[in-house]
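Peer 1: sequence-free structure coming up:
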(Lines give C-alpha, C1' and ligand atoms only; values in the text may rest on other atoms or scores of the structure.)
Protein backbone atom coordinates (compact mmCIF):
# COMPACT_ATOMS: atom_id res chain seq x y z
CA UNK A 1 0.00 0.00 0.00
CA UNK A 2 1.04 3.61 -0.51
CA UNK A 3 2.36 5.09 2.70
CA UNK A 4 0.82 8.52 2.37
CA UNK A 5 -1.27 10.52 -0.03
CA UNK A 6 -3.99 13.07 -0.60
CA UNK A 7 -7.33 13.03 -2.35
CA UNK A 8 -9.37 15.90 -3.77
CA UNK A 9 -13.13 15.50 -3.46
CA UNK A 10 -16.33 17.45 -4.00
CA UNK A 11 -18.26 18.81 -1.01
CA UNK A 12 -21.62 17.08 -1.09
CA UNK A 13 -24.22 17.61 1.61
CA UNK A 14 -26.69 15.27 3.24
CA UNK A 15 -26.63 13.23 6.43
CA UNK A 16 -26.40 9.45 6.63
CA UNK A 17 -29.74 7.89 7.62
CA UNK A 18 -29.70 5.57 10.63
CA UNK A 19 -30.82 2.55 8.62
CA UNK A 20 -27.67 2.85 6.48
CA UNK A 21 -25.17 3.89 9.17
CA UNK A 22 -26.09 0.90 11.34
CA UNK A 23 -25.31 -1.40 8.43
CA UNK A 24 -22.05 0.44 7.74
CA UNK A 25 -20.81 -0.18 11.28
CA UNK A 26 -21.67 -3.89 11.16
CA UNK A 27 -20.02 -4.50 7.79
CA UNK A 28 -17.00 -2.37 8.74
CA UNK A 29 -16.33 -4.40 11.89
CA UNK A 30 -16.46 -7.72 10.03
CA UNK A 31 -14.15 -6.40 7.29
CA UNK A 32 -11.64 -4.96 9.77
CA UNK A 33 -11.54 -8.25 11.67
CA UNK A 34 -10.95 -10.16 8.44
CA UNK A 35 -8.10 -7.82 7.43
CA UNK A 36 -6.44 -8.04 10.86
CA UNK A 37 -6.70 -11.83 10.86
CA UNK A 38 -4.88 -11.99 7.53
CA UNK A 39 -2.46 -9.03 7.72
CA UNK A 40 -2.43 -7.87 11.32
CA UNK A 41 -2.88 -4.30 12.54
CA UNK A 42 0.12 -3.16 10.48
CA UNK A 43 -1.64 -4.31 7.33
CA UNK A 44 -4.83 -2.49 8.26
CA UNK A 45 -3.03 0.77 9.04
CA UNK A 46 -1.11 0.52 5.77
CA UNK A 47 -4.37 0.19 3.86
CA UNK A 48 -5.88 3.14 5.69
CA UNK A 49 -2.96 5.29 4.53
CA UNK A 50 -3.76 4.58 0.86
CA UNK A 51 -6.31 7.14 -0.47
CA UNK A 52 -7.45 4.78 -3.23
CA UNK A 53 -8.14 1.89 -0.85
CA UNK A 54 -9.84 4.24 1.60
CA UNK A 55 -12.17 5.53 -1.12
CA UNK A 56 -12.93 1.98 -2.24
CA UNK A 57 -13.75 0.98 1.34
CA UNK A 58 -16.15 3.92 1.61
CA UNK A 59 -17.84 2.98 -1.65
CA UNK A 60 -18.27 -0.68 -0.72
CA UNK A 61 -20.08 0.22 2.52
CA UNK A 62 -22.57 2.40 0.64
CA UNK A 63 -21.25 5.98 0.49
CA UNK A 64 -21.31 8.22 -2.60
CA UNK A 65 -18.06 7.15 -4.21
CA UNK A 66 -16.57 10.60 -4.88
CA UNK A 67 -18.06 12.67 -2.07
CA UNK A 68 -16.10 14.34 0.72
CA UNK A 69 -18.62 12.68 3.03
CA UNK A 70 -16.82 9.38 2.51
CA UNK A 71 -14.15 10.52 4.95
CA UNK A 72 -16.56 11.45 7.72
CA UNK A 73 -18.72 8.37 7.17
CA UNK A 74 -15.87 5.87 7.14
CA UNK A 75 -14.13 7.32 10.18
CA UNK A 76 -17.37 7.70 12.15
CA UNK A 77 -18.38 4.12 11.38
CA UNK A 78 -14.94 2.76 12.22
CA UNK A 79 -14.67 4.71 15.48
CA UNK A 80 -18.09 3.57 16.62
CA UNK A 81 -17.48 -0.07 15.77
CA UNK A 82 -13.75 -0.48 16.59
CA UNK A 83 -13.36 1.32 19.92
CA UNK A 84 -15.76 -0.95 21.88
CA UNK A 85 -13.60 -3.89 20.68
CA UNK A 86 -10.20 -2.19 20.95
CA UNK A 87 -8.79 -4.68 23.43
CA UNK A 88 -9.30 -7.71 21.20
CA UNK A 89 -8.59 -5.89 17.92
CA UNK A 90 -5.53 -4.03 19.16
CA UNK A 91 -6.74 -0.83 17.46
CA UNK A 92 -7.92 2.57 18.69
CA UNK A 93 -9.45 5.51 16.81
CA UNK A 94 -9.23 9.03 18.20
CA UNK A 95 -10.52 12.39 17.06
CA UNK A 96 -13.14 13.14 14.47
CA UNK A 97 -14.87 16.10 12.88
CA UNK A 98 -14.97 19.61 14.35
CA UNK A 99 -14.88 19.63 18.15
CA UNK A 100 -14.23 15.91 18.24
CA UNK A 101 -10.82 16.52 16.69
CA UNK A 102 -9.80 18.62 19.71
CA UNK A 103 -10.36 15.61 21.97
CA UNK A 104 -7.56 13.64 20.28
CA UNK A 105 -4.86 14.49 22.90
CA UNK A 106 -7.17 13.50 25.78
CA UNK A 107 -8.07 10.24 24.07
CA UNK A 108 -4.42 9.43 23.36
CA UNK A 109 -3.50 10.15 26.96
CA UNK A 110 -6.17 7.72 28.15
CA UNK A 111 -5.00 5.04 25.70
CA UNK A 112 -1.41 5.56 26.84
CA UNK A 113 -2.44 4.95 30.44
CA UNK A 114 -4.27 1.77 29.42
CA UNK A 115 -1.59 0.31 27.14
CA UNK A 116 1.71 1.73 28.34
CA UNK A 117 2.31 3.49 25.01
CA UNK A 118 4.16 6.82 25.05
CA UNK A 119 1.15 9.15 24.98
CA UNK A 120 3.28 12.30 24.82
CA UNK A 121 4.99 11.12 21.64
CA UNK A 122 1.67 10.09 20.07
CA UNK A 123 0.12 13.46 20.93
CA UNK A 124 3.12 15.20 19.39
CA UNK A 125 2.70 13.17 16.18
CA UNK A 126 -0.99 14.00 16.05
CA UNK A 127 -0.40 17.72 16.47
CA UNK A 128 2.49 17.87 14.00
CA UNK A 129 0.61 16.10 11.22
CA UNK A 130 -2.23 18.60 11.61
CA UNK A 131 0.17 21.56 11.72
CA UNK A 132 1.94 20.49 8.53
CA UNK A 133 -1.24 20.11 6.45
CA UNK A 134 -2.99 23.14 7.93
CA UNK A 135 -0.16 25.62 8.47
CA UNK A 136 3.16 24.59 6.95
CA UNK A 137 1.36 23.70 3.71
CA UNK A 138 -0.98 26.58 2.95
CA UNK A 139 -2.90 25.25 -0.05
CA UNK A 140 -6.22 26.92 0.77
CA UNK A 141 -7.77 23.91 2.52
CA UNK A 142 -8.53 24.46 6.20
CA UNK A 143 -8.63 21.30 8.29
CA UNK A 144 -11.93 20.43 9.92
CA UNK A 145 -11.46 16.69 10.50
CA UNK A 146 -8.59 14.87 12.19
CA UNK A 147 -8.53 11.18 13.09
CA UNK A 148 -5.59 9.41 14.67
CA UNK A 149 -5.72 5.61 14.26
CA UNK A 150 -3.19 3.61 16.27
CA UNK A 151 -2.38 0.05 17.20
CA UNK A 152 -1.40 -1.39 20.54
CA UNK A 153 2.13 -1.72 19.12
CA UNK A 154 2.32 2.07 18.66
CA UNK A 155 2.01 2.22 14.85
CA UNK A 156 -0.37 4.88 13.57
CA UNK A 157 -2.15 6.38 10.59
CA UNK A 158 -3.61 9.88 10.38
CA UNK A 159 -6.65 10.71 8.26
CA UNK A 160 -7.52 14.40 8.05
CA UNK A 161 -9.54 16.55 5.71
CA UNK A 162 -9.59 20.24 4.81
CA UNK A 163 -12.23 22.39 3.15
CA UNK A 164 -12.06 25.16 0.57
CA UNK A 165 -15.36 27.03 0.71
CA UNK A 166 -14.78 29.10 -2.44
CA UNK A 167 -15.21 26.19 -4.83
CA UNK A 168 -16.92 23.73 -2.47
CA UNK A 169 -14.08 21.24 -2.54
CA UNK A 170 -12.30 19.17 0.08
CA UNK A 171 -8.88 17.56 0.31
CA UNK A 172 -8.06 14.51 2.37
CA UNK A 173 -4.55 13.81 3.68
CA UNK A 174 -3.14 10.42 4.70
CA UNK A 175 -0.11 9.75 6.92
CA UNK A 176 1.55 6.50 7.99
CA UNK A 177 4.04 6.26 10.85
CA UNK A 178 6.08 3.54 9.18
CA UNK A 179 7.63 5.98 6.72
CA UNK A 180 7.52 9.28 8.58
CA UNK A 181 11.18 10.08 9.21
CA UNK A 182 10.59 13.80 9.67
CA UNK A 183 7.53 16.02 9.89
CA UNK A 184 9.28 19.11 8.56
CA UNK A 185 11.12 18.08 5.40
CA UNK A 186 9.00 16.61 2.59
CA UNK A 187 6.59 14.49 4.63
CA UNK A 188 4.78 14.27 1.27
CA UNK A 189 6.55 13.59 -2.01
CA UNK A 190 4.25 16.26 -3.49
CA UNK A 191 1.07 18.12 -2.73
CA UNK A 192 -1.34 16.56 -5.20
CA UNK A 193 -4.54 17.88 -6.70
CA UNK A 194 -5.78 20.28 -9.33
CA UNK A 195 -3.46 23.25 -9.82
CA UNK A 196 -4.98 26.19 -7.95
CA UNK A 197 -2.16 28.71 -8.04
CA UNK A 198 0.98 29.16 -6.00
CA UNK A 199 0.93 27.91 -2.43
CA UNK A 200 3.14 28.26 0.63
CA UNK A 201 4.87 24.98 1.42
CA UNK A 202 7.40 25.29 4.22
CA UNK A 203 8.16 21.57 4.18
CA UNK A 204 9.19 21.51 0.52
CA UNK A 205 12.88 20.91 -0.20
CA UNK A 206 13.06 24.34 -1.88
CA UNK A 207 11.98 25.94 1.38
CA UNK A 208 15.17 24.89 3.14
CA UNK A 209 16.59 28.44 3.27
CA UNK A 210 13.42 29.56 5.02
CA UNK A 211 13.60 26.62 7.36
CA UNK A 212 17.20 27.46 8.12
CA UNK A 213 16.14 30.84 9.39
CA UNK A 214 13.62 29.19 11.66
CA UNK A 215 16.13 26.60 12.78
CA UNK A 216 18.49 29.32 13.97
CA UNK A 217 15.92 29.91 16.67
CA UNK A 218 14.81 26.35 17.37
CA UNK A 219 18.20 24.67 16.71
CA UNK A 220 16.38 21.68 15.25
CA UNK A 221 17.83 19.72 12.35
CA UNK A 222 15.13 17.74 10.51
CA UNK A 223 15.80 14.44 8.74
CA UNK A 224 14.55 13.59 5.26
CA UNK A 225 11.50 11.36 4.86
CA UNK A 226 11.36 8.50 2.36
CA UNK A 227 8.13 7.51 0.63
CA UNK A 228 5.72 8.29 -2.12
CA UNK A 229 2.43 10.11 -2.30
CA UNK A 230 -0.60 8.83 -4.06
CA UNK A 231 -2.66 11.26 -6.08
CA UNK A 232 -6.38 10.96 -6.45
CA UNK A 233 -8.50 13.82 -7.84
CA UNK A 234 -12.15 12.82 -8.02
CA UNK A 235 -14.81 14.42 -10.23
CA UNK A 236 -17.33 16.84 -8.79
CA UNK A 237 -20.41 15.34 -10.50
CA UNK A 238 -22.71 13.05 -8.55
CA UNK A 239 -23.31 10.27 -11.06
CA UNK A 240 -21.03 7.41 -12.09
CA UNK A 241 -19.92 7.30 -15.71
CA UNK A 242 -18.41 4.44 -17.67
CA UNK A 243 -15.04 6.21 -17.75
CA UNK A 244 -14.94 6.10 -13.93
CA UNK A 245 -14.96 2.29 -13.88
CA UNK A 246 -12.60 -0.37 -15.20
CA UNK A 247 -15.28 -2.21 -17.18
CA UNK A 248 -13.09 -5.30 -17.60
CA UNK A 249 -12.86 -5.67 -13.82
CA UNK A 250 -16.52 -4.91 -13.21
CA UNK A 251 -17.66 -7.20 -16.01
CA UNK A 252 -15.77 -10.19 -14.64
CA UNK A 253 -17.39 -9.66 -11.24
CA UNK A 254 -20.87 -9.56 -12.78
CA UNK A 255 -20.03 -12.68 -14.77
CA UNK A 256 -18.90 -14.50 -11.62
CA UNK A 257 -22.05 -13.44 -9.77
CA UNK A 258 -24.26 -15.48 -12.07
CA UNK A 259 -25.28 -18.56 -10.11
CA UNK A 260 -24.65 -20.84 -13.07
CA UNK A 261 -21.01 -19.84 -13.25
CA UNK A 262 -20.17 -20.75 -9.66
CA UNK A 263 -20.94 -24.45 -10.23
CA UNK A 264 -17.52 -24.75 -11.86
CA UNK A 265 -15.69 -23.82 -8.66
CA UNK A 266 -15.65 -26.33 -5.84
CA UNK A 267 -14.20 -23.71 -3.51
CA UNK A 268 -17.42 -21.69 -3.72
CA UNK A 269 -19.83 -24.47 -2.79
CA UNK A 270 -20.06 -23.17 0.77
CA UNK A 271 -21.48 -19.92 -0.60
CA UNK A 272 -24.13 -21.56 -2.76
CA UNK A 273 -27.67 -20.39 -2.11
CA UNK A 274 -26.75 -16.75 -1.59
CA UNK A 275 -27.92 -15.77 -5.04
CA UNK A 276 -26.06 -13.88 -7.75
CA UNK A 277 -26.75 -10.40 -6.41
CA UNK A 278 -25.23 -11.15 -3.00
CA UNK A 279 -22.25 -12.87 -4.63
CA UNK A 280 -21.68 -9.65 -6.59
CA UNK A 281 -21.49 -7.68 -3.34
CA UNK A 282 -19.37 -10.27 -1.56
CA UNK A 283 -16.87 -10.35 -4.42
CA UNK A 284 -16.31 -6.61 -4.13
CA UNK A 285 -16.10 -6.82 -0.33
CA UNK A 286 -13.59 -9.67 -0.72
CA UNK A 287 -11.42 -7.51 -2.93
CA UNK A 288 -11.36 -4.62 -0.45
CA UNK A 289 -10.26 -7.08 2.25
CA UNK A 290 -7.71 -9.06 0.25
CA UNK A 291 -6.87 -6.99 -2.86
CA UNK A 292 -3.47 -5.58 -3.74
CA UNK A 293 -2.87 -1.82 -4.23
CA UNK A 294 -3.25 -1.94 -8.01
CA UNK A 295 -6.85 -3.10 -7.61
CA UNK A 296 -8.13 0.22 -6.23
CA UNK A 297 -7.44 2.63 -9.09
CA UNK A 298 -11.17 2.82 -9.91
CA UNK A 299 -12.96 3.21 -6.55
CA UNK A 300 -16.29 3.88 -8.32
CA UNK A 301 -16.44 0.17 -9.14
CA UNK A 302 -17.02 -0.67 -5.49
CA UNK A 303 -20.29 1.28 -5.51
CA UNK A 304 -21.72 -1.71 -7.37
CA UNK A 305 -21.65 -3.65 -4.10
CA UNK A 306 -24.21 -1.67 -2.11
CA UNK A 307 -25.15 1.43 -4.11
CA UNK A 308 -25.45 4.79 -2.37
CA UNK A 309 -27.80 6.66 -0.05
CA UNK A 310 -28.74 9.16 -2.78
CA UNK A 311 -29.41 6.46 -5.35
CA UNK A 312 -26.01 6.70 -7.09
CA UNK A 313 -25.34 4.47 -8.89
CA UNK A 314 -28.51 2.83 -7.55
CA UNK A 315 -30.45 2.64 -4.26
CA UNK A 316 -28.89 0.69 -1.39
CA UNK A 317 -30.09 -2.94 -1.69
CA UNK A 318 -30.80 -3.40 2.02
CA UNK A 319 -31.67 -7.12 1.72
CA UNK A 320 -28.40 -7.82 -0.08
CA UNK A 321 -26.49 -5.61 2.38
CA UNK A 322 -27.87 -7.55 5.35
CA UNK A 323 -27.07 -10.90 3.73
CA UNK A 324 -23.52 -9.73 3.00
CA UNK A 325 -23.06 -8.71 6.66
CA UNK A 326 -24.46 -12.01 7.94
CA UNK A 327 -22.30 -14.10 5.62
CA UNK A 328 -19.07 -12.21 6.40
CA UNK A 329 -19.88 -12.09 10.12
CA UNK A 330 -20.44 -15.87 10.19
CA UNK A 331 -17.19 -16.44 8.29
CA UNK A 332 -15.17 -14.28 10.69
CA UNK A 333 -16.74 -15.93 13.74
CA UNK A 334 -15.99 -19.42 12.38
CA UNK A 335 -12.38 -18.49 11.71
CA UNK A 336 -11.95 -17.45 15.35
CA UNK A 337 -12.61 -21.05 16.43
CA UNK A 338 -10.40 -22.57 13.77
CA UNK A 339 -13.05 -23.10 11.08
CA UNK A 340 -11.89 -20.97 8.16
CA UNK A 341 -13.72 -22.68 5.29
CA UNK A 342 -16.14 -19.83 4.60
CA UNK A 343 -13.41 -17.23 5.05
CA UNK A 344 -11.33 -18.98 2.39
CA UNK A 345 -14.35 -19.23 0.11
CA UNK A 346 -15.00 -15.48 0.37
CA UNK A 347 -11.33 -14.73 -0.30
CA UNK A 348 -11.53 -17.01 -3.33
CA UNK A 349 -14.29 -14.88 -4.88
CA UNK A 350 -11.97 -11.96 -5.53
CA UNK A 351 -9.20 -14.20 -6.87
CA UNK A 352 -11.51 -15.98 -9.31
CA UNK A 353 -12.84 -12.66 -10.61
CA UNK A 354 -9.27 -11.47 -11.18
CA UNK A 355 -8.41 -14.60 -13.14
CA UNK A 356 -11.55 -14.17 -15.22
CA UNK A 357 -10.43 -10.67 -16.26
CA UNK A 358 -7.67 -12.09 -18.45
CA UNK A 359 -10.12 -13.40 -21.04
CA UNK A 360 -13.10 -11.16 -20.33
CA UNK A 361 -14.15 -8.78 -23.07
CA UNK A 362 -16.21 -5.82 -21.81
CA UNK A 363 -19.05 -4.44 -23.91
CA UNK A 364 -20.60 -0.99 -24.21
CA UNK A 365 -23.70 -1.76 -22.13
CA UNK A 366 -22.72 0.17 -19.02
CA UNK A 367 -25.85 2.35 -19.17
CA UNK A 368 -28.01 -0.75 -19.55
CA UNK A 369 -26.36 -2.24 -16.46
CA UNK A 370 -27.25 0.84 -14.43
CA UNK A 371 -30.79 0.74 -15.80
CA UNK A 372 -31.16 -2.91 -14.79
CA UNK A 373 -29.87 -2.30 -11.26
CA UNK A 374 -32.24 0.61 -10.79
CA UNK A 375 -35.21 -1.14 -12.37
CA UNK A 376 -34.78 -4.21 -10.16
CA UNK A 377 -33.89 -2.27 -7.03
CA UNK A 378 -37.26 -2.99 -5.43
CA UNK A 379 -36.47 -6.73 -5.38
CA UNK A 380 -33.55 -6.20 -3.02
CA UNK A 381 -35.12 -3.69 -0.64
CA UNK A 382 -33.59 -0.75 -2.51
CA UNK A 383 -33.59 2.36 -0.34
CA UNK A 384 -32.37 5.96 -0.55
CA UNK A 385 -32.80 9.03 1.63
CA UNK A 386 -36.11 9.52 -0.21
CA UNK A 387 -37.54 6.12 0.71
CA UNK A 388 -37.85 2.60 -0.70
CA UNK A 389 -37.76 1.77 -4.40
CA UNK A 390 -41.07 0.80 -5.96
CA UNK A 391 -41.97 -1.72 -8.61
CA UNK A 392 -42.62 0.71 -11.44
CA UNK A 393 -41.49 1.04 -15.02
CA UNK A 394 -38.67 3.59 -15.07
CA UNK A 395 -39.68 7.02 -16.33
CA UNK A 396 -37.47 9.46 -18.17
CA UNK A 397 -36.96 13.08 -17.31
CA UNK A 398 -36.26 15.90 -19.73
CA UNK A 399 -32.61 14.92 -20.02
CA UNK A 400 -33.44 11.34 -20.89
CA UNK A 401 -32.09 10.08 -17.56
CA UNK A 402 -33.79 7.19 -15.81
CA UNK A 403 -35.88 7.98 -12.76
CA UNK A 404 -36.77 5.44 -10.10
CA UNK A 405 -39.52 7.18 -8.20
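Peer 2: That came in fine, so what should we check first? Bear in mind the structure is a predicted one, so any value in this text is a computation, not a measurement. Numbers count the residues shown, from 1 in each chain.
Peer 1: helix or strand right after the one helix or strand residue 33 maps to?
Peer 2: Under the criterion of DSSP states H and E, residue 33 resides in helix 18-48. With elements assigned by DSSP H and E, the helix or strand that comes after helix 18-48 is helix 51-60.
Peer 1: any idea of the angle the next helix-or-strand element following that next one forms with helix 18-48?
Peer 2: Later in the chain than helix 51-60, the nearest helix or strand by DSSP H and E is helix 69-82. Angle between the axes of helix 69-82 and helix 18-48 is 90 degrees (criterion: axes from the mean of the first three to the mean of the last three C-alpha atoms, to 10 degrees).
Peer 1: just how off-centre is helix 69-82 within its chain?
Peer 2: 9 Å (C-alpha atoms, centre = their mean, to the nearest Å).
Peer 1: what packs against that helix?
Peer 2: helix 18-48, helix 51-60, strand 91-97, strand 142-151, strand 156-164 (3 or more C-beta pairs under 8 Å, 6 or more residues apart in numbering; DSSP states H and E). No exception for glycine: its C-beta is placed from N, CA and C like everyone else's.
Peer 1: Now do the strands in this structure.
Peer 2: 4-10, 91-97, 137-138, 142-151, 156-164, 169-176, 200-201, 229-233, 316-317, 382-384, 387-388, 395-396, 402-403 (DSSP state E).
Peer 1: I'd like to check the angle between the helix holding residue 33 and strand 156-164, please.
Peer 2: Going by the same axes, to 10 degrees, helix 18-48 makes 120 degrees with strand 156-164.
Peer 1: Flag every buried residue along helix 18-48.
Peer 2: 20-21, 23-36, 39, 41, 44-48 (16 or more other C-beta atoms under 10 Å).
Peer 1: Would you mark the buried spots in stretch 145-159?
Peer 2: Buried positions in stretch 145-159, judged by neighbour count with 16+ other C-beta under 10 Å: 145-152, 155-159.
Peer 1: which ones are touching residue 103?
Peer 2: Taking C-beta atoms under 8 Å, 6 or more residues apart in numbering, we find residue 103 in contact with 94-96.
Peer 1: one more time with 6 Å
Peer 2: Under the criterion of C-beta atoms under 6 Å, 6 or more residues apart in numbering, residue 103 has no neighbours.
Peer 1: What ranges does the stretch 101-250 of the chain have for its helices?
Peer 2: Using DSSP state H, counting those that start in this stretch, the helices of the stretch 101-250 of the chain run over residues 104-115, 119-131, 208-218, 247-257.
Peer 1: mind putting the ones you listed in TSV, distance to residue 349, mean neighbour count and mean pLDDT included?
Peer 2: Output for the helices of the stretch 101-250 of the chain, formatted as TSV (distance: least, C-beta to C-beta, whole Å; neighbours: other C-beta atoms under 10 Å; pLDDT from 0 to 100):
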stretch	distance to residue 349	mean neighbour count	mean pLDDT
helix 104-115	36	17	97
helix 119-131	36	18	91
helix 208-218	50	11	42
helix 247-257	7	21	73
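Peer 1: Let me have those helices in JSON lines, extended by distance to residue 331.
Peer 2: As requested, those are exported to JSON lines (distance: least, C-beta to C-beta, whole Å):
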{"stretch": "helix 104-115", "distance to residue 331": "29"}
{"stretch": "helix 119-131", "distance to residue 331": "33"}
{"stretch": "helix 208-218", "distance to residue 331": "51"}
{"stretch": "helix 247-257", "distance to residue 331": "18"}
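Peer 1: Which of the ones you listed sits closest to residue 85?
Peer 2: helix 104-115 (14.1 Å; C-beta to C-beta).
Peer 1: how many neighbours does residue 294 have?
Peer 2: Neighbours of residue 294 under the rule other C-beta atoms under 10 Å: 7.
Peer 1: Surely residue 160 and residue 173 touch.
Peer 2: Yes. Between residue 160 and residue 173 there is a contact at 5.1 Å, judged by C-beta atoms under 6 Å.
Peer 1: so what's residue 35 up against?
Peer 2: 44, 289.
Peer 1: one more time with 7 Å
Peer 2: Residue 35 makes contacts with 43-44, 47, 289, as judged by C-beta atoms under 7 Å, 6 or more residues apart in numbering.
Peer 1: Relative to residue 347, which of the helices and strands packed on helix 69-82 is closest?
Peer 2: So among the helices and strands packed on helix 69-82, helix 18-48 is nearest, using C-beta to C-beta, at 8.1 Å.
Peer 1: quick one, the closest one and strand 169-176 angle?
Peer 2: 50 degrees.
Peer 1: what's the residue closest to the geometric middle of this structure?
Peer 2: Centroid-nearest residue in the chain, with C-alpha atoms, centre = their mean: residue 54, separated by 2.5 Å.
Peer 1: okay, the closest residue to residue 374 other than its chain neighbours: pLDDT?
Peer 2: Nearest non-adjacent residue to residue 374, counting by C-beta to C-beta, 6 or more residues apart in numbering: residue 314, 4.8 Å away. Note on residue 314: pLDDT of 91.
Peer 1: Equivalent analysis for residue 326, please.
Peer 2: 89.
Peer 1: likewise residue 86?
Peer 2: 97.
Peer 1: Report whether the expected contact of it with residue 93 is present.
Peer 2: No. The pair residue 86 / residue 93 is not scored as a contact, 8.4 Å apart, by C-beta atoms under 7 Å.
Peer 1: Pick out whichever of the two has more residues nearby.
Peer 2: Neighbour totals were compared for residue 86 and residue 93, and residue 93 leads with 22 against 17 (other C-beta under 10 Å).
Peer 1: picking up where we left off before, widest-spaced pair of the buried residues of stretch 145-159?
Peer 2: For the buried residues of stretch 145-159, with distances taken as C-beta to C-beta, the pair at the greatest spread is 145 and 152 (24.2 Å).
Peer 1: related to what we said a few turns ago, check contacts around the residue nearest to residue 374.
Peer 2: Contacts here follow C-beta under 7 Å, 6+ apart; on that basis residue 314 touches 307, 370, 373-374, 377, 382.
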